[in-house]
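**Student:** No sequence on hand, only this structure:
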Ligand code: DUC
Ligand code: ZN
Ligand code: ZN
């Protein structure tokens, strides 16, 4: 029987760092051993000398092939998952969408159809609920039985995604009965829309107005309200894409009171700031490449978010990967910032960027593993199978070379977009090898597995159990 051994590396989990070889059979980790086991002639050896051996990244927030803002996100399940793998991510959780007036079933079927035969790495789904009515509340049970155990609801985007507090509260109660988890886009969208209409009426059309019409307080208030609703329903709640100090303070306050309030942030909120939305002198529309929601914040928020990650007030770093090309897509909003499709590419660069945080002493090596893999696996019902290096786990493993520098650029990355928000940035580490269920899929920046499209499997996730 062919076995794979990852030799000479330092294994890093969320809790431990130790020298061990990792033995893999039939897609699973079967042993962690100190040197000494002899290789057979058939065994495949991967050298990890000088490298860290970490669990494959889990990006629990992506939007592949998503209709949004009058267009479709530029990566589909083929290009998006291949890009993820090149960056050391071996599992994604994407957002299926319930169309208004449609069923959860139809939304889920549509997302399975998008992913099957295309995804190159393993994937799960959250379900975006645009209506919580008797029918969809009933359907939540079927989603959970099928391994789609988390739901996203929006306080923003009136007429598109926004649901009112009563619907959110009903969905929370139902999730509580079933063991599901409600995740929230916690920005209060009704007043935001008034600010947008006022800015446009005053003739303000440039990308920076995306930030100026979505103030921090709108997110902080939404966060507080989401936590209050979850506290009333006696359920956990998870804030997606938290971007700002005051929103974080609401989460801290809740956690200090012992509430199961969780939050993720994203690399764009740790590394980029509001000034990027101003574009270049003479080319203010370049700022459109930085339009994502919530908006990028002034620089001083970065330190608060890093502190939140260190102190366990923020649990996860995901990407909210939702890429749109400048040409033809971001262009839709050239004369109206509110028509710029919302989102940025990121699924491939998350680990690279956070590694920079490790090298700068902002987070520890173990915390890096925890926020990029272990915590999302635990919160979203995959732990044991995904999210750690342990006997019995899927052999989703990254050999991370801390000395392998890389220049981030649209020309060196695999995401299907015509720009990179991090163009020209040199990052200090990169994957040397990436394995998915024991198969070597990326080595030295090259796709090396025989199969690509369709090799990824749907991950049936468990109920919330923290
Ligand atoms: N929220 C997301 O999570 N993704 C894209 C845009 C948005 O508002
Ligand atoms: Zn959102
Ligand atoms: Zn998103």
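**Tutor:** That came in fine, so what should we check first? Note that the coordinates shown come from a computational prediction; the quantities given were computed from them, not determined experimentally. Ligands and ions are numbered 1, 2, ... in the order given.
**Student:** Up against ligand 1, what does the stretch 1-150 of the chain have?
**Tutor:** residue 63 (CB under 6 Å from any ligand atom). Bear in mind the C-beta positions are built from the backbone N, C-alpha and C, glycine included.
**Student:** Can you name the element that comes right after the longest strand anywhere in the chain?
**Tutor:** Of all the elements of type strand in the chain, the one with the most residues (DSSP state E) is strand 89-97. For strand 89-97, the following helix or strand on the C-terminal side (DSSP states H and E) is helix 104-115.
**Student:** from the chain's centre, how far out does that following helix sit?
**Tutor:** Its chain's average C-alpha position is 19 Å from that of helix 104-115, according to CA atoms, centre = their mean, to the nearest Å.
**Student:** ok so, going back, could you tell me the angle between the longest strand of the chain and helix 104-115?
**Tutor:** On the basis of axes from the mean of the first three to the mean of the last three CA atoms, to 10 degrees, strand 89-97 is oriented at 140 degrees to helix 104-115.
**Student:** For strand 89-97, enumerate the helices and strands it packs against.
**Tutor:** Packed against strand 89-97 by the contact rule (3 or more CB pairs under 8 Å, 6 or more residues apart in numbering; DSSP states H and E) you find strand 57-62, helix 77-86, helix 104-115, strand 122-128, strand 430-436.
**Student:** so of the ones you listed, which one's packed in deepest?
**Tutor:** Mean neighbour count (mean count of other CB atoms under 10 Å) peaks for strand 57-62 among the helices and strands packed on strand 89-97, with a mean of 29.
**Student:** got a list of contacts for it?
**Tutor:** Here strand 57-62 makes contact (CB atoms under 8 Å, 6 or more residues apart in numbering) with 80, 84, 87-95, 126, 240-241, 264, 266, 316, 318-322, 347, 350-351, 372-373, 376-377, 379-380, 382, 386-387, 398.
**Student:** Flag every residue of the stretch 151-300 of the chain that's near ligand 1.
**Tutor:** By CB under 6 Å from any ligand atom, the residues of the stretch 151-300 of the chain that approach ligand 1 are 185, 240, 241, 293.
**Student:** Including distance to residue 272, pLDDT and secondary structure, could these go into CSV?
**Tutor:** Output for these, formatted as CSV (distance: CB to CB, whole Å; pLDDT from 0 to 100; DSSP: H, G, I helix; E, B strand; the rest coil):
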residue, distance to residue 272, pLDDT, secondary structure
185, 19, 98, strand
240, 18, 98, coil
241, 13, 98, coil
293, 14, 98, coil
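**Student:** in the sheet, who's paired with the spatially closest residue to residue 435 that is not a sequence neighbour?
**Tutor:** Sequence neighbours aside, residue 397 is the residue nearest to residue 435 in space, at 4.6 Å (criterion: CB to CB, 6 or more residues apart in numbering). Note on residue 397: beta-bridge partners residue 55, residue 435, judged by DSSP bridges.
**Student:** what's the neighbour count on the closest residue to ligand 1 within the chain?
**Tutor:** Of all residues in the chain, the one sitting closest to ligand 1 is residue 293 (3.7 Å; CB to the nearest ligand atom). Residues near residue 293, counting by other CB atoms under 10 Å, number 21.
**Student:** ok, now residue 197?
**Tutor:** By other CB under 10 Å, 12 other residues sit near residue 197.
**Student:** So which elements touch the longest helix that the chain contains?
**Tutor:** As assigned by DSSP state H, the longest helix anywhere in the chain is helix 216-233. Packing contacts for helix 216-233, counted by 3+ CB pairs under 8 Å, 6+ apart, involve helix 165-178, strand 181-185, strand 237-239, helix 245-256, strand 261-265.
**Student:** Now distance to residue 310 too, for those, in CSV please.
**Tutor:** Listed next are the helices and strands packed on helix 216-233 as CSV, based on distance: least, CB to CB, whole Å:
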stretch, distance to residue 310
helix 165-178, 29
strand 181-185, 23
strand 237-239, 18
helix 245-256, 12
strand 261-265, 12
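**Student:** could you dump these to TSV with mean neighbour count?
**Tutor:** Below are these laid out as TSV (neighbours: other CB atoms under 10 Å):
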stretch	mean neighbour count
helix 165-178	19
strand 181-185	27
strand 237-239	27
helix 245-256	20
strand 261-265	26
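**Student:** So what touches stretch 299-315?
**Tutor:** So stretch 299-315 is in contact with 242-245, 248, 251-252, 255, 262-265, 269-271, 273-275, 317, 357, 362-363, 367, 371, 375, 379, going by CB under 8 Å, 6+ apart.
**Student:** One more pass at 6 Å, please.
**Tutor:** 244-245, 248, 251-252, 262-263, 265, 269-270, 273, 362-363, 371, 375 (CB atoms under 6 Å, 6 or more residues apart in numbering).
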